[in-house]
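# model this:
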Amino acid sequence: MKLKEVYWSLLLIGITGVLLSLQYRISEDIEKTEAMRQTKELANQLIQLKKERDILYDDVTKMRSQLEMLSMSEPQLLEEMRYASTLAGFNELTGIGQ
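Numbering: from 1, shown residues only. Model (predicted):
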């Protein structure tokens, strides 16, 4: 009778071990797939933001060239722009207390 109890105990311990190992593997796989999904999502966001940055850079370049053309044709406009940029704080400071 005792031998039968030992066999049942070993069988239950073995089944419990197998179930625990399966649970560990499944949870590990879930973590890996979640990390991969987040990585792919971040990579796609990075690509989109780079495209958006390039478009905005092109827009700024076009606007600067248009602004230069306007300032060449209107010298008074150039003076007003310099004054406005000084008031806005866009000019670099030089000297003591930079």
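
# just checking, what packs against the lengthiest helix in the chain?
For the chain, the helix that runs over the most residues, judged by DSSP state H, is helix 2-73. Other elements packing on helix 2-73 under the criterion 3 or more CB pairs under 8 Å, 6 or more residues apart in numbering; DSSP states H and E are helix 75-88. Using the backbone N, CA and C atoms, a C-beta is placed for each residue, glycine as well.

# tell me what the helix it packs on is packed against?
Packing partners of helix 75-88 (3+ CB pairs under 8 Å, 6+ apart): helix 2-73.

# picking up where we left off before, what is the mean pLDDT for the longest helix of the chain?
Helix 2-73 shows an average pLDDT of 86 in the prediction.

# Give me the angle between it and helix 75-88.
Counting by axes from the mean of the first three to the mean of the last three CA atoms, to 10 degrees, helix 2-73 lies at 140 degrees to helix 75-88.

# distance between helix 2-73 and the chain's centre?
Relative to the chain's own centre, helix 2-73 is displaced by 11 Å; criterion: CA atoms, centre = their mean, to the nearest Å.

# What of stretch 77-93?
Stretch 77-93 sits 35 Å away from the centroid of its parent chain (CA atoms, centre = their mean).

# what are the C-alpha coordinates of that stretch, in PDB please?
C-alpha atoms of stretch 77-93 as PDB (Å, rounded to 0.1, in the frame of the first residue of the first chain):
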ATOM      1  CA  LEU A  77      10.700  94.800 -44.700                       C
ATOM      2  CA  LEU A  78      14.200  93.500 -43.900                       C
ATOM      3  CA  GLU A  79      14.600  96.200 -41.200                       C
ATOM      4  CA  GLU A  80      11.300  95.400 -39.700                       C
ATOM      5  CA  MET A  81      12.200  91.700 -39.600                       C
ATOM      6  CA  ARG A  82      15.400  92.400 -37.900                       C
ATOM      7  CA  TYR A  83      13.600  94.500 -35.300                       C
ATOM      8  CA  ALA A  84      11.000  91.800 -34.800                       C
ATOM      9  CA  SER A  85      13.600  89.100 -34.300                       C
ATOM     10  CA  THR A  86      15.400  91.300 -31.800                       C
ATOM     11  CA  LEU A  87      12.200  91.800 -29.800                       C
ATOM     12  CA  ALA A  88      11.500  88.100 -30.000                       C
ATOM     13  CA  GLY A  89      15.000  87.200 -28.800                       C
ATOM     14  CA  PHE A  90      16.200  85.300 -31.800                       C
ATOM     15  CA  ASN A  91      19.500  87.200 -32.100                       C
ATOM     16  CA  GLU A  92      22.600  85.800 -30.600                       C
ATOM     17  CA  LEU A  93      24.200  87.700 -27.800                       C
END
